[in-house]
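Colleague: A structural model of the following input is requested.
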Amino acid sequence: MSINKSRFLIIIILLITITGCKKEDKTLPDDEVIVYAQLAKDPTSEAVISWIAKEREGYDIIEYKEIDENIYSKKKANIKTIPEKEDLRLYTAKLEDLSPESWYHFRIAGQNIKRKFQTLPSRLPSEGINVGIAGDAHYKSKGHDLHDELTRAMRDNNIRILVGSGDYVDCEGELGVEQTRSWIDFLNMLDQNLNQKDGSYNYIPLAFVIGNHETTPNFGGEPEDASYLRFFLKYPNKLEPKGKNYGSIQIGDYLQLMMMDAGHTSNPGDEQREWLSATVDESIKHCVPVMHASPFPSVRDPLDSRYESLRLAWMDVFYNKLNIRVAFDSHDHGWKRTVPLGLVKNKPDHGNNEAEKGYFSLNNKYITEKDNGVVFFGEGGWGSTSRRRWNPATTWYIEDVQDRMSNYKRGYSGVEHKNDGKQAGEYWEHVYITNFKSDAIIVNSVNPSGEVFYNHKIDLQEKHVANDMIILN
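Modeller: Got it, this is the predicted structure:
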């Protein structure tokens, strides 16, 4: 046999050996289950429980009961095959006719593990309600790897809801094995760190807003482009208006979450603006808009048409609705707090350039700092990289920022943001734990160690008088 033929046979044998030894991609062991809860449309009387597992007889049944009861009720879950993982199923069950502010045990997938969830109260407790808000996880794709610590920080501070402000897994609207694996890993991280502690299983419901990395292109896509978000999370696309990636969830008479689409798959104006204006219920104590891209960015150019369009579409509604005092955004990868922002009819008398003049023009009206206006918190530190940002000393709408850069960013609109020598901050990795009370909103900024590094309280005094309202044409 010639040397060339011998080499050929050796290569063939090696290829067969490597192929034969290649392990099957098993995202989950046969007996493992990943479980998460979703925020139901009426979380005081409903619960939505989802679990990821192999398809087996009996795995589609959830058994549940109020903790003090003896007999379990049973319900059959809806089953969907997970994209690009035909061996895995997503099971989802909606439990109805539950009692407000009550604990329930449940069992799934033939397991004897006693998991539990708690419905939300129909009326605001005296101690208020803690809501975790986190954005820009970019799970295991960029930035820091402190998702576990930050998620546990929310759990350990007794949040009742986790609201996501976008960019959880970088899928760019594409379906693929890697994207599926990353989403499953992300949900498993949440199961391990949000829902489990010291051998107990307490499921905190999720409500996730769309970000640009859920879809492609980054702005201006179709609602269906956010395929993984819509597959794994039932809401908001099942809320009103159906099929969109924005919607509202009302909890009793004290909290309304406005889950916005910041131009990623729906125009912020037109139908979404009309929906926003019509849907905010001022009889509810707190209405809280959550969005991904910010109308008041700390890194990007605020005069860019994308962010200007958000102000044009939403800002007058945010200001004129008396129960909106705080809003949350992300996208710029850091920590930010704006001054309270409102609208006036007359042009403010400030400096000549955009960084100093103290206002944004808006349909012949003006956004400016205003007592009892809306404070925007951002901008996504759940897992993202830090970016250099505008200096608050030369950016009129920013009160404070945090990042890990040694100095501030310079210049937008031809204006130099002079470096004042101050380091911009230490904790750009952060989540928010917001306590909504009857007389105040307390926004706690929490670092990966679970410590509150900044605390901001908004007293719920009268926002503005009727003749001060600004209506845009």
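
Colleague: Would you map the helices across the stretch 151-300 of the chain?
Modeller: If you assign secondary structure with DSSP state H, counting those that start in this stretch, the helices in the stretch 151-300 of the chain sit at 177-194, 227-232, 270-279.

Colleague: Pick the most buried one from those.
Modeller: Ranked by mean neighbour count under mean count of other Cβ atoms under 10 Å, those are led by helix 227-232, which reaches a mean of 21. Using the backbone N, CA and C atoms, a C-beta is placed for each residue, glycine as well.

Colleague: Alpha carbons only: can I get that helix in CSV?
Modeller: Only the C-alpha atoms of helix 227-232 are listed here, as CSV (Å, rounded to 0.1, in the frame of the first residue of the first chain):
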residue,chain,number,x,y,z
SER,A,227,-39.3,35.4,18.4
TYR,A,228,-37.7,34.1,21.6
LEU,A,229,-39.1,36.7,23.9
ARG,A,230,-42.6,36.0,22.5
PHE,A,231,-42.0,32.3,22.8
PHE,A,232,-40.8,32.1,26.4
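
Colleague: And the contacts of it?
Modeller: By Cβ atoms under 8 Å, 6 or more residues apart in numbering, the list of residues contacting helix 227-232 from outside reads 50, 80, 82-83, 90, 168-169, 171, 173, 175, 179-180, 183, 187, 208, 210, 214, 223-224, 237, 245.

Colleague: out of those, which are inside strands?
Modeller: Cross-referencing the contacts of helix 227-232 against strands under DSSP state E gives S50, K80, I82, L90, F208.

Colleague: want to throw the helices of the stretch 151-300 of the chain into TSV with distance to F106 and mean pLDDT?
Modeller: As requested, those are exported to TSV (distance: least, Cβ to Cβ, whole Å; pLDDT from 0 to 100):
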stretch	distance to F106	mean pLDDT
helix 177-194	14	96
helix 227-232	19	96
helix 270-279	31	97
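
Colleague: Q461 in helix, strand or coil?
Modeller: coil (DSSP: H, G, I helix; E, B strand; the rest coil).

Colleague: how about P241, what does it touch?
Modeller: G247, E271, W275.

Colleague: OK, contacts around the second one?
Modeller: Yep, that's E271 we're talking about. P241.

Colleague: for the first one, same thing?
Modeller: When the contact criterion is Cβ under 8 Å, 6+ apart, the partners of G247 are Y235, P236, N237, K238, L239, E240, P241, M259.

Colleague: Would you quantify the distance from it to T279?
Modeller: G247 sits 9 Å away from T279, going by Cβ to Cβ, to the nearest Å.

Colleague: Mind listing the shared neighbours of these two?
Modeller: Common contacts of G247 and T279 (Cβ under 8 Å, 6+ apart): E240.

Colleague: State the pLDDT value of T27.
Modeller: With respect to pLDDT, T27 scores 58.

Colleague: again with N352
Modeller: Confidence per residue is given as pLDDT, and for N352 that number is 51.

Colleague: and what of G421?
Modeller: In this prediction, G421 carries a pLDDT score of 53.

Colleague: give the contact list for H144.
Modeller: Contacts here follow Cβ under 8 Å, 6+ apart; on that basis H144 touches G383, S384, T385, E429.

Colleague: Retrieve the pLDDT associated with the third one.
Modeller: This points to T385. According to the per-residue confidence, T385 scores 83 in pLDDT.

Colleague: what about it, distance to G110?
Modeller: Using Cβ to Cβ, one gets 42 Å for the distance from T385 to G110.

Colleague: what's E240 in contact with, if anything?
Modeller: Remark: with contacts taken as Cβ under 8 Å, 6+ apart, E240 is in contact with G247, S248, W275, T279.

Colleague: coming back round to it: filter the contacts of helix 227-232 down to the buried ones.
Modeller: Burial by neighbour count, 16 or more other Cβ atoms under 10 Å: within the contacts of helix 227-232 this picks out 50, 82-83, 90, 168-169, 171, 173, 179-180, 183, 187, 208, 210, 214, 223, 237, 245.

Colleague: Now for the residue lying closest to L175 once chain neighbours are set aside: which residues touch it?
Modeller: In this structure, L175 finds its nearest non-sequential neighbour in P83, 5.1 Å apart by Cβ to Cβ, 6 or more residues apart in numbering. By Cβ under 8 Å, 6+ apart, P83 lies in contact with L175, T180, S227, Y228, F231.

Colleague: Likewise for D148?
Modeller: By Cβ under 8 Å, 6+ apart, the residues touching D148 are M189, Q192, N193.

Colleague: Closest to G132 out of these?
Modeller: Taking Cβ to Cβ as the measure, N193 is the one of those closest to G132, at 11.7 Å.

Colleague: which stretches of the stretch 1-150 of the chain form strands?
Modeller: The residue ranges that make up the strands of the stretch 1-150 of the chain, judged by DSSP state E, counting those that start in this stretch, are 34-38, 47-54, 61-66, 73-76, 78-82, 85-95, 103-107, 115-118, 129-134.
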